[in-house]
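fold the following.
(one chain, ligands or ions: 1)
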Amino acid sequence: MAVYAPRIPGPARLVVLVSGSGSNLQALLDATADTAYGAEVVAVVADRDGILGLERAEKAGVPTHVVAVKAYEDRAAWDAALTDTVAAYQPDLVVSAGFMKIVGPVFLARFEGRTVNTHPALLPSFPGAHGVRDALAYGAKVTGCTVHFVDAGVDTGPIIAQGVVAVEDGDDADGGDALHERIKTVERSLLVDIVGRLAREGYRIEGRKVRLGS
Ligand code: GRF
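Numbers count the residues shown, from 1 in each chain. You can find the predicted model right below:
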């Protein structure tokens, strides 16, 4: 069982992992502007350069790092480098917000139970990199987003919260882009709400069950 009790005093330290546009990161940055939120983004780490997510962090004055797989000899070396980079900021929580890499065993040994991911589908349906497209192709009538703790699997960790989004008839037309945008609107507010609650209230993980509050 993993237990996190909020640190008193002071905001929880968040390291956010990104790979893309970083709109979830932006929502967190906006939320943390209010000290009552109970958390601050102390660093943003990406697996690639030249992304809007890094620009958003820089604009907010948050330190950034790029830890790209291709810069390392193998996946294990990347895993160790990612772990060291994140660990240097002593985070209370790590938030994988559109980070398109599976973290490795060294990272999990250090941060499992403290790493939250957001996924654009209702897990355990449609895990993996194409959750929106896969739900659409399957003919699902509702889909949504899942905020969950990260474990060694692909989007398999204990679920913290989910948001539901209806699939509309026209959603096939653009390959799921509009559906993904509707999901992301729900996803951002869910992520902000859950990360804030984890930080302020603490939590415990009992098997697959996540209980908020210490
Ligand atoms: C989110 O929908 C996330 O769940 C998925 O990619 C999207 C990232 O969006 N894996 P952004 O980079 O936060 O704008």
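
and this protein, which residues reach the ligand?
Contacts of the chain with the ligand, taken as C-beta under 6 Å from any ligand atom, map to 20-25, 53, 97-98, 118-120, 184, 187. For glycine as for every other residue, the C-beta is placed from the backbone atoms N, C-alpha and C.

quick one: secondary structure of Asn24?
helix (DSSP: H, G, I helix; E, B strand; the rest coil).

residues contacting it?
Counting by C-beta atoms under 8 Å, 6 or more residues apart in numbering, Asn24 makes contact with 18, 95, 97-98, 118, 184, 187-188, 191.

which of those residues sit farthest apart?
Longest distance between any two of those is 15.1 Å, between Val95 and Lys184; criterion C-beta to C-beta.

helix, strand or coil: sort out whatever residue of the chain ends up closest to the ligand for me.
Residue nearest to the ligand within the chain: Gly98 (2.7 Å; C-beta to the nearest ligand atom). Under three-state DSSP, Gly98 falls in the coil class.

which residue ranges of the chain form helices?
Per DSSP state H, the chain carries helices over the ranges 23-32, 52-59, 75-87, 105-111, 131-138, 177-201.

now do the fifth one: which elements does it pack against?
Under the contact criterion of 3 or more C-beta pairs under 8 Å, 6 or more residues apart in numbering; DSSP states H and E, helix 131-138 touches strand 142-149, helix 177-201.

picking that back up, most packed of the helices of the chain?
helix 23-32 (a mean of 22; mean count of other C-beta atoms under 10 Å).

show me how the chain divides into domains.
For the chain, the structural domains run 9-111, 118-214, going by automatic domain parsing.

looking at those domains, which is nearest to Ala2?
Closest approach to Ala2 among the domains of the chain is made by domain 118-214 (4.4 Å; C-beta to C-beta).

quick one, what contacts the residue lying closest to Asn24 once chain neighbours are set aside?
Residue nearest to Asn24 in three dimensions, not counting chain neighbours: Ala97, with 3.8 Å by C-beta to C-beta, 6 or more residues apart in numbering. By C-beta under 8 Å, 6+ apart, the contact list for Ala97 reads 16-18, 22, 24-25, 28, 118, 191.

in TSV: the contacts of Asn24, plus pLDDT.
Formatted as TSV, the contacts of Asn24 follow (pLDDT from 0 to 100):
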residue	pLDDT
Val18	98
Val95	98
Ala97	98
Gly98	97
Thr118	98
Lys184	98
Glu187	98
Arg188	98
Leu191	98
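
who does the least confident helix or strand in the chain by mean pLDDT pair up with?
Lowest on mean pLDDT, DSSP states H and E among the helices and strands of the chain sits strand 2-4, with a mean of 71. Strand 2-4 pairs in its sheet with strand 203-206 (antiparallel), by DSSP bridges.

quick check: buried residues in the partner strand?
Neighbour counts over strand 203-206 (16 or more other C-beta atoms under 10 Å) mark 203-205 as buried.

could I get those in a markdown table, plus columns for pLDDT and distance to Pro63?
Shown next, in a markdown table, are the buried residues of strand 203-206 (pLDDT from 0 to 100; distance: C-beta to C-beta, whole Å):
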| residue | pLDDT | distance to Pro63 |
| --- | --- | --- |
| Tyr203 | 95 | 26 |
| Arg204 | 96 | 31 |
| Ile205 | 96 | 29 |
